[in-house]
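# Need a 3D model of the following:
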Amino acid sequence: MARRLSLEPCATGLKKWPWRVNLPPKYTSTGKRQRHFFRNRREADTFCHTQRIRLDNYGRNSSTLTPGQQEEAAMAFEKLSPYNMTLTTVVADFIARHEARVRSVTFKVLFDRFVAAKKNRSEAYLRGLKYTLPRFAELHDRKVCDIAPADIDAETNGMTPAVRNAFLRNLRAVFNFGVKRNWLEANPISKLDFEIVRKDEVVTLTTKKAESLMIAADNDNDLLPYHALGLFAGVRPLELQRLEWGNIDLVEHHIEITSAVSKTGRRRIIDMEPNLDAWLNHYIAKGGKAAGKVTPVTSNLRNRLREIRKAAGLSDWTQDVMRHSYASYWLAEHGDINRLTLQMGHESADMLWRHYHKAAKRKEAEHYWRIMPPPIGNKVITFFEGV
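Model (predicted):
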């Protein structure tokens, strides 16, 4: 019968740690000799007592291992020896990973729950999410804890830099949502680099094209304010859809973009130019209703806008081109970058100056701000023929 291990404290002669207990390699979890130091004899005796109980239990448990299990354990110890890792640590890591995978969800479930949580966000934001999910169909049934950065890279391969960046921004928010709920440990997007997108020069409408657009809009009176406010006040498309007539003061000649309407959530006031004032009064004189929403609430708004652009001969349409035209021609006419920054709703004038400084000539600006509505009954505008 194997002799029971005798553990006894021994004096060290050290002032701070006067007692020591030695554990032979055979009885440690690391397979190496250990020395434990104590401040007094009582602590050392308590440690010895605890170790005797542990070793007694270990002996009883080890006797229940089959020869095959003992051989498997020996092989595991041999494979772990170069890594200075205990079998207990490896097993604990496996269990943690397994439990994390069990509580994880699939990519599609995560995405659907994220969309549900963001149901009160803007239509544009939700539309972007709607277009994102189908582009990653290969990931739909994968557990999010198993999705690696390389998987996202493979799915975005071939996309243009701007499109890839847009999808990565959406996915970053989705995965962060999952990390907060312990469905995955780390966001795979954090390991990916966004593309560098070269900023092109600001695209604006020529005075001739702006004039053609207003002629076409004049034939669809409901959408005349939409185009007039976009071209001559720089109101963003989504803000135009939220804007109420109650925020347009035709007496004091200004437009209030409230925090609820503003894309940035910040209130701003836009001074109305004379030609904008004229166009809005022209709309009212033709029977337009100056109450409720400025832009009609209709399911076919996008198609109607396309028809107006087609009638104006504008085959290529750049996002926010009306706003860019307003900023370029306004700065060329007035030259006050700080005032323009306030009216555009930006925090800094630096970006506006880089984009719009010298984007339009003074003569072009003079023509732009003289685009006026025709007399009622005469839909032909010939003010700037040849410009």
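
# make it CA atoms for all contacts and neighbour counts henceforth
Will do.

# how does this protein divide into domains?
Using automatic domain parsing, the domain parsing of the chain gives 1-64, 107-191, 207-368.

# Among those, show the one with the smallest mean pLDDT.
In terms of average pLDDT, domain 1-64 trails the rest of the domains of the chain, at a mean of 81.

# okay if I get the domains of the chain as CSV plus distance to Val197?
CSV is the format used below for the domains of the chain (distance: least, Cα to Cα, whole Å):
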stretch, distance to Val197
domain 1-64, 53
domain 107-191, 6
domain 207-368, 16
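
# Deepest in the core, which of those domains is it.
Across the domains of the chain, the average number of neighbours (mean count of other Cα atoms under 10 Å) peaks for domain 207-368, which reaches a mean of 18.

# Just read off the phi/psi values of Phe38.
Main-chain torsions, Phe38, degrees, to the nearest 10: phi -140, psi 160.

# if I pick it, what's in contact with it?
Counting by Cα atoms under 8 Å, 6 or more residues apart in numbering, Phe38 touches Trp17, Pro18, Trp19, Arg20, Ala44.

# before we move on, the earlier item: to Leu87, which of the domains of the chain lies closest?
domain 1-64 (8.6 Å; Cα to Cα).

# Tell me which entries of the contacts of Phe38 lie within helices.
Counting by DSSP state H, the contacts of Phe38 place Ala44 in helices.

# nearest to Ala312, of the contacts of Phe38?
For the contacts of Phe38, the closest approach to Ala312 (Cα to Cα) belongs to Trp17, at 91.8 Å.

# how far away is Gly128 from Thr106?
For Gly128, the distance to Thr106 equals 20 Å [Cα to Cα, to the nearest Å].

# nope, Ala150 is what I meant
Distance, Ala150 to Thr106, using Cα to Cα: 17 Å.

# again with Asn157
Using Cα to Cα, one gets 22 Å for the distance from Asn157 to Thr106.

# next one: Asn275
Counting by Cα to Cα - Asn275 and Thr106 are separated by 55 Å.

# same question, Asp222
As defined by Cα to Cα, Asp222 lies at a distance of 46 Å from Thr106.

# And Thr264, by the same measure?
Where Thr106 is concerned, Thr264 sits at a distance of 33 Å (Cα to Cα).

# what's the answer for Asn219, then?
Distance, Asn219 to Thr106, using Cα to Cα: 51 Å.

# do Arg266 as well
As judged by Cα to Cα, Arg266 and Thr106 stand 38 Å apart.

# same question, Ala228
47 Å.

# who's in contact with Phe114?
Counting by Cα under 8 Å, 6+ apart, Phe114 touches Val174, Phe177.

# sec struct for it, please.
What DSSP: H, G, I helix; E, B strand; the rest coil gives for Phe114 is helix.

# Just the strands from the protein, written as ranges.
Assigned by DSSP state E, the strands in the chain fall at 10-11, 19-23, 34-38, 248-249, 254-257, 268-271.

# Compare those strands and give me the one nearest Ala290.
Ranking these by distance to Ala290, with Cα to Cα as the measure, places strand 248-249 first at 9.2 Å.

# contact partners of the closest one?
His254, Ile255, Glu256.

# In terms of distance to Ala96, which of those ranks first?
Glu256 (55.6 Å).

# For that closest one, list each beta-bridge partner.
Under the criterion DSSP bridges, Glu256 forms beta bridges with Ile269.

# In this structure it contacts Ser262, no?
No - counting by Cα atoms under 8 Å, Glu256 stays clear of Ser262, with 9.7 Å between them.

# Can you tell me the closest non-neighbouring residue to Phe194?
Leaving aside its chain neighbours, Phe194 sits nearest to Asn165 (5.8 Å; criterion: Cα to Cα, 6 or more residues apart in numbering).

# That neighbour contacts Ile189, doesn't it?
No - using Cα under 8 Å, Asn165 and Ile189 do not qualify as a contacting pair, with a distance of 10.8 Å.

# For the stretch 151-300 of the chain, which segments are assigned as helices?
Using DSSP state H, counting those that start in this stretch, the helices assigned to the stretch 151-300 of the chain run over residues 161-180, 207-218, 224-233, 237-242, 274-285.

# now swap in the stretch 1-150 of the chain and tell me
Using DSSP H, counting those that start in this stretch, helices in the stretch 1-150 of the chain cover 41-62, 67-80, 87-103, 107-117, 123-132, 149-156.

# what does the fifth one rub up against?
What it means is helix 123-132. Applying Cα under 8 Å, 6+ apart, the set of residues contacting helix 123-132 is Val115, Lys118, Lys119, Phe167, Asn170.

# could you redo the last one with a cut-off of 6 Å?
Applying Cα atoms under 6 Å, 6 or more residues apart in numbering, helix 123-132 turns out to have no external contacts.

# Could you tell me the angle between that helix and helix 161-180?
90 degrees (axes from the mean of the first three to the mean of the last three Cα atoms, to 10 degrees).

# what does the longest one give?
Inter-element angle recorded for helix 41-62 and helix 161-180: 100 degrees (by the same axes, to 10 degrees).

# Likewise for the shortest one?
Comparing the axes of helix 149-156 and helix 161-180 via the same axes, to 10 degrees yields an angle of 140 degrees.

# how about helix 149-156 as CSV, C-alpha atoms only?
C-alpha atoms of helix 149-156 as CSV (Å, rounded to 0.1, in the frame of the first residue of the first chain):
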residue,chain,number,x,y,z
PRO,A,149,-12.8,39.0,-40.1
ALA,A,150,-11.7,36.9,-43.1
ASP,A,151,-15.4,35.8,-43.7
ILE,A,152,-16.5,39.5,-43.9
ASP,A,153,-13.6,40.3,-46.1
ALA,A,154,-14.5,37.5,-48.5
GLU,A,155,-18.2,38.7,-48.7
THR,A,156,-17.2,42.3,-49.4
